[in-house]
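Asks: Show me how the following folds:
(4 chains)
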Number of protein chains: 2
Amino acid sequence: MIYSTTCSYAIRAMCRLTVMNPDGYVRVQEVCEGSDLPAYFVAKIFRDLVRAELLVSAKGRGGGFALARPAQKIRLYDIVEAIDGVRQYSQCVVGLAKCDDKQPCPQHEQFKAVRQRILNYLTQTTLDQMSEALAKKLNLLGVTLACTVEGN
Amino acid sequence: MIYSTTCSYAIRAMCRLTVMNPDGYVRVQEVCEGSDLPAYFVAKIFRDLVRAELLVSAKGRGGGFALARPAQKIRLYDIVEAIDGVRQYSQCVVGLAKCDDKQPCPQHEQFKAVRQRILNYLTQTTLDQMSEALAKKLNLLGVTLACTVEGN
DNA sequence: GGATAAAAAGATGCAAAAATCTATTAGTCG
DNA sequence: CGACTAATAGATTTTTGCATCTTTTTATCC
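Replies: Modelled structure (predicted):
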């Protein structure tokens, strides 16, 4: 609703990767299995996340994808920025072409607060927090995420 | 960002209609000219808004589209409901398939507040307010919206 | 070096959303 | 009634987003 399907995949896949192995490589296959994430498509999304420097990758045996930096330092905002772009969050909802505080569109003022709230949410939520919440949920459900590689 | 392109057209077109003639008919052509709204497409959207009983229509000379009820009684929420549906606003952002308060997805709690804020915004903003803001802006820009029909 | 394993690249397919166009229907006006 | 006007219906086209598959590149292991 506030981001695209693709972006939602990106978030979910990164959360799973983090739960599986926050410090080392995980293969796309592993990330997706047991979930309804489309593996081929996630592979493509991960490439974009590498270019955005949120992930790093390694080819060949023992390779896969890993976080480019600690999960506490990856914000939801960073992921959204890499996939959907964040321009939309600074534009006005129903804006006529040019809309700013001086030339407000209908709703400008009212929506400003909502937008700020969304932005706060995106900048203050970290991958760390999200993956922890996911781990808790999986635990409750009795699901274990497998990962071949340990540490790195 | 929180609604589709189509829905954004619907909102903008209804605002313009209201500014032009809050009490009588305006032709689709008139509503769109001077804006970047795609007239053919808006015509189609207006049909949906008639079915949703937010607009009424009249064929032939002197006809066009008019608000089905006073602008104060049309909420942003009503328009969004007619075009995009509001189901999305009660679903979770990155939810695993089934996600509710008992089986929360990562972010469930945090996003709940944001979602509530959006819903408040949608239900508390009226076409009245939006069109008034638009009128003010157009006035500042020195733009006048023409309308052939007066009253009704 | 050869076998294998994984990502990288990009071609292709498919479906939904956005946008346009044509023909029809129902009004108004003289 | 006949000319005209505007919405209605729906067929068609274009664009975009989502998803899959094939080939290539780069790495590891024996």
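
Asks: What parts of chain A come near DNA strand C?
Replies: A:27-29, A:40, A:43-44, A:46-47, A:50, A:57-61, A:63-65, A:148 (CB under 7 Å from any atom of the strand). Heads up, the C-betas are built off the backbone N, CA and C, glycines and all.

Asks: Tell me which of the residues you listed fall in strands.
Replies: Among the residues of chain A next to DNA strand C, the ones falling in strands (DSSP state E) are A:Ser57, A:Ala58, A:Gly64, A:Phe65.

Asks: Count the residues that sit near the closest residue to A:Met20 other than its chain neighbours.
Replies: Excluding the flanking residues, the one nearest A:Met20 by CB to CB, 6 or more residues apart in numbering or on different chains is A:Cys147, at 4.0 Å. Neighbour count of A:Cys147, defined by other CB atoms under 10 Å in any protein chain shown: 18.

Asks: Surely A:Cys147 is in contact with A:Tyr25?
Replies: No - contact between A:Cys147 and A:Tyr25 fails when scored by CB atoms under 8 Å: they sit 9.2 Å apart.

Asks: can you pull out the helices in chain A?
Replies: A:5-20, A:28-32, A:39-51, A:76-83, A:87-90, A:108-124, A:127-141 (DSSP state H).

Asks: how many neighbours does A:Gly62 have?
Replies: Other residues close to A:Gly62 by other CB under 10 Å number 12.

Asks: Next: A:Ser90.
Replies: By other CB under 10 Å, neighbour count at A:Ser90 equals 9.

Asks: For it, give its distance to B:Met14.
Replies: To B:Met14, A:Ser90 is 25 Å away according to CB to CB, to the nearest Å.

Asks: hang on, the earlier thing: buried among the residues of chain A next to DNA strand C? Need that as a selection in ChimeraX.
Replies: The buried subset of the residues of chain A next to DNA strand C, as determined by 16 or more other CB atoms under 10 Å in any protein chain shown, is captured in ChimeraX by this line:
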select /A:27,28,43,46,64,65
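
Asks: burial of A:Arg69, as a residue count?
Replies: Neighbour count for A:Arg69, taken as other CB under 10 Å: 13.

Asks: A:Leu122 now?
Replies: Other residues near A:Leu122 number 20, with proximity taken as other CB under 10 Å.

Asks: Tell me how far it lies from B:Thr123.
Replies: 23 Å.

Asks: For the least confident helix or strand in chain A by mean pLDDT, buried residues please.
Replies: When the helices and strands of chain A are scored by mean pLDDT, DSSP states H and E, helix A:87-90 comes last with a mean of 82. For helix A:87-90, burial by neighbour count (16+ other CB under 10 Å) applies to A:Tyr89.

Asks: Give the full set of residues in contact with the closest residue to A:Leu138 other than its chain neighbours.
Replies: Spatially, and ignoring its direct neighbours in sequence, A:Leu138 is nearest to A:Leu145 (6.6 Å; CB to CB, 6+ apart). Going by CB atoms under 8 Å, 6 or more residues apart in numbering or on different chains, A:Leu145 touches A:Arg16, A:Val19, A:Met20, A:Gly34, A:Leu138.

Asks: what's the farthest-apart pair in those residues?
Replies: The two members of those with the most space between them (CB to CB) are A:Val19 and A:Gly34, at 11.7 Å.

Asks: Between the two, tell me which one has more neighbours.
Replies: Each of A:Val19 and A:Gly34 has its neighbours counted (other CB under 10 Å); A:Val19 has more, 25 against 13.

Asks: residues in chain A within reach of DNA strand D, list them.
Replies: Residues of chain A lying near DNA strand D by CB under 7 Å from any atom of the strand: A:4-6, A:9, A:38-41, A:43-44, A:58-63.

Asks: now the ones in strands among the residues of chain A next to DNA strand C as TSV including distance to A:Gln110?
Replies: As requested, those are exported to TSV (distance: CB to CB, whole Å):
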residue	distance to A:Gln110
A:Ser57	44
A:Ala58	48
A:Gly64	46
A:Phe65	41
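
Asks: Might one say that A:Leu76 is in contact with A:Arg12?
Replies: No - A:Leu76 lies out of contact with A:Arg12 (CB under 8 Å); the separation is 11.8 Å.

Asks: More neighbours: which of the two?
Replies: Neighbour count, other CB under 10 Å: between A:Leu76 and A:Arg12, A:Leu76 has more, with 26 against 23.

Asks: Tell me how far the closest residue to A:Ser35 other than its chain neighbours lies from DNA strand C.
Replies: In this structure, A:Ser35 finds its nearest non-sequential neighbour in A:Arg16, 6.6 Å apart by CB to CB, 6+ apart. Applying CB to the nearest atom of the strand, to the nearest Å, the value for A:Arg16 to DNA strand C is 13 Å.
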